[in-house]
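Novice: sequence and predicted structure below; questions after.
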Amino acid sequence: MTIRLRAHHLLCMLTYVGKGYSPGFVENYDGITPRLNAGEEIEITTGPDDICAPIACDHREHCHGASVLSRDAMAARDVAALLGRDIAPGARLSLTEAYLTRLRSAFATGEIRNACAGCDWVDLCTEVAKGGFHGTRLT
């Protein structure tokens, strides 16, 4: 199978520690994380993806809002530059140990965090990164 992710979720997954918008959201995310850890292929998509599917109906305006679309564009640009590969909708990649290490290092230094500006979760993600990504579900 393939995990469908919008570009800014490539950043969110780096600091996911089991907190989210609702119990259903967390349960769903907890089901996706082992698949990411196993190296299942990721397909970049637009709009609601496999992570936000449980809240897409309740947060439809959020999932399609200008700020979220802007986050996707910024994340795609920054991650593509870092990894040296296309991160446009339809692109596919597997999360290798080398990719994860590069992403986390760049996230911790702020190099790929432009998309995080104004996000409700920015403080939590900052603390997780400062703590060396301890307790994250993505290993």
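Specialist: Cool, the structure landed. Everything numeric here is computed off the predicted structure, so don't read it as measured data. Numbering: from 1, shown residues only.
Novice: C-alpha from now on. contacts and neighbour counts both.
Specialist: Will do.
Novice: for this structure, what helix or strand is lowest in average pLDDT?
Specialist: Taking mean pLDDT, DSSP states H and E as the measure, the helix or strand of the chain with the lowest value is helix 60-63, at a mean of 62.
Novice: let me know the next secondary structure element after it.
Specialist: helix 66-83 (DSSP states H and E).
Novice: adjacent strands (with direction) for the next helix or strand after that following helix?
Specialist: Elements were assigned by DSSP H and E; along the chain past helix 66-83, the next helix or strand is strand 92-93. Counting by DSSP bridges, the strands paired with strand 92-93 are strand 41-45 (antiparallel).
Novice: next one: the strand it pairs with to chain centre, how far?
Specialist: A distance of 11 Å separates the centroid of the chain from that of strand 41-45, by Cα atoms, centre = their mean, to the nearest Å.
Novice: do stretch 126-139 as well
Specialist: Distance of stretch 126-139 from the chain centroid (Cα atoms, centre = their mean) equals 13 Å.
Novice: and if you look at stretch 74-91?
Specialist: So, by Cα atoms, centre = their mean, the centroid of stretch 74-91 is 12 Å from its chain's centroid.
Novice: neighbouring contacts of it?
Specialist: 6-8, 10-11, 43-46, 99, 102-103, 111-115 (Cα atoms under 8 Å, 6 or more residues apart in numbering).
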